[in-house]
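1. the sequence and its predicted three-dimensional model are supplied below.
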Amino acid sequence: MELHQAKGYILEDVIQGLLKESGYFQVESGFVRGRGARHQIDAYGVLSIPTAFIYPIRLFSEAKYYDHEVGLPTIRNFVGVIKDISENYFVTSKKEYSSPFRYTDAGCIFSASMFTDNAQKYAWAHNIFLFSFSDLPLMDGIINSINSYVATFSKDFLENYKNDKTNRKKLKASFIRYTKTLKNFEYPTMVVGILDNIYPVLLIGSKGWINRIKPPETTDKLDAEKQFRVDILSKENNPEEHIFKIVIKDGQEETIFFSIPNFAAKKVLDRIDNRKKIIADLQIPFLDRTAGKQVRRIISLDIKMKLHVGINQ
């Protein structure tokens, strides 16, 4: 086993936990049968908030932990996997092939590093969504802790490690014990939002932030203010990703971060350049689990520019 594989295994487990918290259930990892082969999937689950006129959304995700950008070959391979799984449905009397359950399959890739421009465009063309944790505040603590933890592995451990369920559970449990020794370590809360009704984004905030938001009884809409944006550049100094910090205004302010690929950010960037008052709309479907209840909710954010004297940034 290589170092990046060990880091990837741990990142997979972190993602599984965050997906469960953000409203996905039946989150598992393992082999899923496709039309032509069985495929190892890092994490998959069904969205617990249904949408009319489509089958339940089943999300397949992969976790990548490279010391370089994720390129086009990785996306191409994942597109083939999702296609093969999606086409594995038969209407037949044979129980081993037929199932009463149908899904709308979607794919996403989580990565500790950025995605190349070609990878971004190809993923968008084939309905694969990309989430990068590179330089993303509140996730950097997890990334750094994974790096420091794996650095303690001996060469013999890496050579003898077998990727089976027993060892994966031991690795996960060992990492959890390690994080408890770290000062001020805390998992953030991750929620999947939808930017401009098109592109999903990971909204990262402090633990439990989503359940501290209390919209007025007469509306589900809240205002949010863009505090700043960081443009992440490729080795060729081209913008590849953008990190946004926004503050939700609801009496008790909540600060959240999200990153989006360059192509998906263009409309937002155009609105900023043109000094539009509202630069984006953000829909946040989630399960409210406060006070022992479990209620499906949707919050809508109007993201506005932060006003300065004589200039907008």
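-> Now that the structure is in, tell me what you want to look at.

2. which elements pack onto the one helix or strand residue 157 maps to?
-> Taking DSSP states H and E as the definition, residue 157 sits inside helix 155-160. If contacts are counted by 3 or more Cβ pairs under 8 Å, 6 or more residues apart in numbering; DSSP states H and E, helix 155-160 sits against no helix or strand. C-betas here are computed from N, CA, C, even on glycine.

3. okay, the helix or strand that it is followed by in CSV with CA atoms only?
-> Downstream of helix 155-160, the next assigned helix or strand under DSSP H and E is helix 165-179. Extracted as CSV, the C-alpha positions of helix 165-179 are listed here (Å, rounded to 0.1, in the frame of the first residue of the first chain):
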residue,chain,number,x,y,z
LYS,A,165,-13.2,-4.8,6.1
THR,A,166,-11.5,-5.8,9.3
ASN,A,167,-8.3,-3.8,8.6
ARG,A,168,-10.4,-0.8,7.4
LYS,A,169,-12.3,-0.8,10.7
LYS,A,170,-9.1,-1.0,12.6
LEU,A,171,-7.6,1.9,10.6
LYS,A,172,-10.7,4.0,11.1
ALA,A,173,-10.8,3.3,14.9
SER,A,174,-7.1,4.0,15.2
PHE,A,175,-7.4,7.4,13.4
ILE,A,176,-10.3,8.3,15.7
ARG,A,177,-8.2,7.6,18.8
TYR,A,178,-5.4,9.6,17.3
THR,A,179,-7.6,12.7,16.7
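
4. for helix 165-179, buried residues please.
-> 168, 171-172, 175, 178-179 (16 or more other Cβ atoms under 10 Å).

5. can you check stretch 272-288 too?
-> Across stretch 272-288, burial judged by 16+ other Cβ under 10 Å covers 272, 279-280, 282, 284-287.

6. what's in contact with that stretch?
-> 22-23, 48-49, 191-197, 201, 203, 210-211, 224, 226, 229, 267-268, 271, 294-305, 312 (Cβ atoms under 8 Å, 6 or more residues apart in numbering).

7. so how far is residue 14 from residue 183?
-> 19 Å (Cβ to Cβ, to the nearest Å).

8. have a look at those two and say which one is more surrounded.
-> residue 14 (24 against 4; other Cβ atoms under 10 Å).

9. which intervals of the stretch 101-250 of the chain have sub-threshold pLDDT?
-> 163-165, 216-218 (pLDDT under 70).

10. what are the boundaries of the strands in it?
-> For the stretch 101-250 of the chain, strands defined by DSSP state E, counting those that start in this stretch occupy the ranges 104-111, 128-132, 189-195, 199-205, 221-233, 239-249.

11. so which of those strands is nearest residue 81?
-> Closest approach to residue 81 among these (Cβ to Cβ): strand 104-111, 7.7 Å.

12. now that closest one, how far from the centre of its chain.
-> Relative to its chain's centre, strand 104-111 lies at 9 Å (Cα atoms, centre = their mean, to the nearest Å).

13. counting contacts, what elements does it pack onto?
-> For strand 104-111, the packing partners by 3+ Cβ pairs under 8 Å, 6+ apart come out as strand 57-64, helix 72-86, strand 128-132.

14. quickly list the domain ranges of this structure.
-> Following automatic domain parsing, the chain resolves into domains at 3-134+140-179, 189-312.

15. for the helix holding residue 157, C-alpha coordinates in PDB please.
-> The C-alpha coordinates for helix 155-160 follow below in PDB (Å, rounded to 0.1, in the frame of the first residue of the first chain):
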ATOM      1  CA  LYS A 155       7.300   0.700   6.000                       C
ATOM      2  CA  ASP A 156       6.400  -2.800   7.200                       C
ATOM      3  CA  PHE A 157       2.900  -1.800   8.000                       C
ATOM      4  CA  LEU A 158       2.300  -0.300   4.600                       C
ATOM      5  CA  GLU A 159       3.700  -3.400   2.900                       C
ATOM      6  CA  ASN A 160       1.600  -5.800   4.900                       C
END
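
16. okay then, goodbye and thanks.
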